[in-house]
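Mind folding the following:
(chains A and B)
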2 protein chains.
Amino acid sequence: MAHPFDPGYFEEPFTALAGEYPGEDVYPPSQFRVEWGPIFHRGRLDGSARVLVIGQDPAQHETIIRRILVGEAGRRVQGFLGKLGITRSHVFINTYLYSVYGSVRAKTRRDPRLLAYRHRWLDALLLGQNVEGVLALGTAADEAWQFWKATPAGQSLNVAYAAVGHPTYPESFSKGDKTKLAAATKKLLQGWNSGLQVLAPHIVHPDVPTPLVPYGDTWAEGDRVAIPEFDFPAGLPGWMHEQDGWAKRTGSDELGKRRNITINVPKGVVA
Amino acid sequence: MAHPFDPGYFEEPFTALAGEYPGEDVYPPSQFRVEWGPIFHRGRLDGSARVLVIGQDPAQHETIIRRILVGEAGRRVQGFLGKLGITRSHVFINTYLYSVYGSVRAKTRRDPRLLAYRHRWLDALLLGQNVEGVLALGTAADEAWQFWKATPAGQSLNVAYAAVGHPTYPESFSKGDKTKLAAATKKLLQGWNSGLQVLAPHIVHPDVPTPLVPYGDTWAEGDRVAIPEFDFPAGLPGWMHEQDGWAKRTGSDELGKRRNITINVPKGVVA
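Numbering: from 1, shown residues only, chains lettered A, B, ... in the order given. Have a look, this model is predicted:
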């Protein structure tokens, strides 16, 4: 059985980008989980991407897989892309290279070194490339886009853009309150529908031509789409890309939790 | 600060090898930790390798890093290569794609499908390439070499070859007995000295010309050499390649342990 995979960073400018990333001097350990290393991207780096997604906050699964948006949030975005007919021609980057720990200070967010590095990624993925639409997930990603659009390179590019709510915002906002969750999900999906309206007319080279079907008030069957195996590095076991919840941060105190990632192969995989 | 890395599998035949590997039908889960996925190699796949090392049994650190011989055993072999003047031009492959669980049956070891896949790697790394010496670590690796040498391709190649003991065999053999450990280490290093004598005359294109200094009766300063950062995938934090013991299998029973890898960032990395 063939297991297609993402070859990662083997050509310029991505070799340089994956080898020369900012560290603790730009991303303070008091605000970011720098100790787990940077996590750069997911998807096509070969110029075939038609949609660029700017996400944020790689968590523990992303840390093990070394690709971003590979869990529940990723599946929801994959569903959004599917509605645009994009099943392969996507690329995701992070607003921040590292997972946020606590909150990010304004001074850090605007650090010229942080911006300059991120702008190199945006330049590489957008200038002279084939991207027909850009999607930002959450306010930090939207701000990242605005910073880039203010650069001469950003000003030179005319591309469809939509900023929408982060895919798992309803869960983090509602904290277990079902009424709040339903309301927040409805609001999120209204925003995602607006995003679809903005982007759909511009995605003229979809992988699979698809009539636009908007979201309802809650997640419907088919709104969550599996992340393709070919977005993962070589050799990872199936459960790492088919399932969720196999990596947790456990520890007896905050520092213990911060230092830990505990992986358990899901039940049923090993007899 | 630049962080050179190994780009991995992006060219044929390695793209095909990393995408079409044998699974449970060839590597039974009763004998191998198939559930963690295959782990293919470490080092140069660009034809620059001068020494090929055949190792075995990737453990938990290798599973997270997705490269082989990255812990204590790897540092000892790196020291061996250093004595031959090899600091970069090495490539390692596994006897088995997966970590051994328990022991391997003769029928499995000789499965034609297992052999055929491994032979594709050996063909790719040896035929028409620049390897000047082959090192096998342990009996299973030696057997793997003999199987390949019996093929028409193997017979066609004339290359220096040494089979030596596995680098951490003294520890696993002596089980905490210091007298046994000292004796087993002495014996291991005698074998490694024989291996150096066999290979050294043939390594005529070392990275750093180095006068051959044999091992003593025990590990001396400089015999263990750090695994170069450029052997690791992009973006991994420094402690993953500088340190050991950050990944453990924990669980309340055998199955629990088998399903688990627990990672803790070493003390001192996070304040």
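
alpha carbons only for contacts and neighbour counts from here, please
Noted.

and A:Ile54, that's in a strand?
Yes. Assessed by DSSP: H, G, I helix; E, B strand; the rest coil, A:Ile54 belongs to a strand.

Show me the beta-bridge partners of it.
Beta-bridge partners for A:Ile54, by DSSP bridges, are A:Ile93, A:Ala136.

What number of residues are in the vicinity of it?
Number of residues near A:Ile54 (other Cα atoms under 10 Å in any protein chain shown) recorded here: 24.

same question, A:Lys180
For A:Lys180, using other Cα under 10 Å, the count is 15.

now it, nearest residue through space, not along the chain?
A:Ser174 (5.2 Å; Cα to Cα, 6 or more residues apart in numbering or on different chains).

neighbours around that neighbour, how many?
16.

State the distance from it to chain B.
For A:Ser174, the distance to chain B equals 30 Å [Cα to the nearest Cα, to the nearest Å].

biggest helix in chain A by residues?
Using DSSP state H to define each element, chain A has its longest helix at helix A:178-199.

list the helices and strands it packs on?
Packing partners of helix A:178-199 (3 or more Cα pairs under 8 Å, 6 or more residues apart in numbering or on different chains; DSSP states H and E): helix A:72-83, strand A:133-137, strand A:160-164, helix A:169-174.

Switch those over to CSV; also include mean pLDDT.
Shown next, in CSV, are these (pLDDT from 0 to 100):
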stretch, mean pLDDT
helix A:72-83, 96
strand A:133-137, 98
strand A:160-164, 98
helix A:169-174, 94
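
Most tightly packed of those?
strand A:133-137 (a mean of 24; mean count of other Cα atoms under 10 Å in any protein chain shown).

now that one, how far from the chain's geometric center?
Relative to the chain's own centre, strand A:133-137 is displaced by 10 Å; criterion: Cα atoms, centre = their mean, to the nearest Å.

Check stretch A:151-169 too.
Worked out by Cα atoms, centre = their mean, stretch A:151-169 lies 13 Å from the chain centre.

before we move on, back to that, can I get the helix or strand following the longest helix of chain A in PDB? Just the C-alpha atoms.
Downstream of helix A:178-199, the next assigned helix or strand under DSSP states H and E is helix A:238-242. The C-alpha trace of helix A:238-242 is given here as PDB (Å, rounded to 0.1, in the frame of the first residue of the first chain):
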ATOM      1  CA  GLY A 238      -2.100   6.000  10.400                       C
ATOM      2  CA  TRP A 239      -3.500   6.900  13.800                       C
ATOM      3  CA  MET A 240      -1.400  10.000  13.900                       C
ATOM      4  CA  HIS A 241      -3.300  11.500  11.000                       C
ATOM      5  CA  GLU A 242      -6.700   9.700  11.300                       C
END
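
which one is the residue in the stretch 51-200 of chain A that chain B sits nearest to nearest to, not counting chain neighbours?
The nearest approach of the stretch 51-200 of chain A to chain B comes at A:Ile64, 6.9 Å away (Cα to the nearest Cα). Counting by Cα to Cα, 6+ apart, A:Ile64 lies nearest to B:Ile64, which is 6.9 Å off, once chain neighbours are set aside.

A:Ser99 now?
A:Asp57 (4.6 Å).

which bits of the stretch 1-150 of chain A sit near chain B?
Within the stretch 1-150 of chain A, the positions adjacent to chain B are A:1-5, A:7-10, A:18-22, A:29, A:35-40, A:64, A:66 by Cα under 8 Å from any Cα of the partner chain.

if you set the cut-off to 7 Å instead, what comes out?
Contact residues (Cα under 7 Å from any Cα of the partner chain) of the stretch 1-150 of chain A with chain B: A:1-5, A:7, A:9-10, A:18-20, A:35-39, A:64.

A:Thr151: neighbour count?
Neighbour number of A:Thr151 under other Cα under 10 Å is 11.

circling back to that earlier point, can you tell me which of the residues of the stretch 1-150 of chain A next to chain B are in helices?
Taking DSSP H as the definition of helices, the residues of the stretch 1-150 of chain A next to chain B contribute A:Ala18, A:Gly19, A:Ile64.

Top of the residues you listed by number of neighbours, please.
Of those, with other Cα under 10 Å as the count, A:Ala18 tops at 24 neighbours.

by contact count, what packs against the worst-scoring helix or strand of chain A on mean pLDDT?
Ranked by mean pLDDT, DSSP states H and E, the weakest helix or strand in chain A is helix A:238-242, scoring a mean of 91. Helices and strands touching helix A:238-242, by 3 or more Cα pairs under 7 Å, 6 or more residues apart in numbering or on different chains; DSSP states H and E: there are none.

list the buried ones in the longest helix of chain A?
Neighbour counts over helix A:178-199 (16 or more other Cα atoms under 10 Å in any protein chain shown) mark A:181-182, A:184-193, A:195-196, A:198-199 as buried.

hang on, the earlier thing: need the three-state assignment for the residue nearest to A:Ser99.
Assigned state for A:Asp57: coil (three-state reduction, three-state DSSP).

Show the contacting residues for it.
A:Asp57 sits next to A:Tyr96, A:Tyr98, A:Ser99, A:Val100 when contact means Cα atoms under 7 Å, 6 or more residues apart in numbering or on different chains.

The first one: neighbour count?
A count of neighbours around A:Tyr96, defined by other Cα under 10 Å, yields 25.
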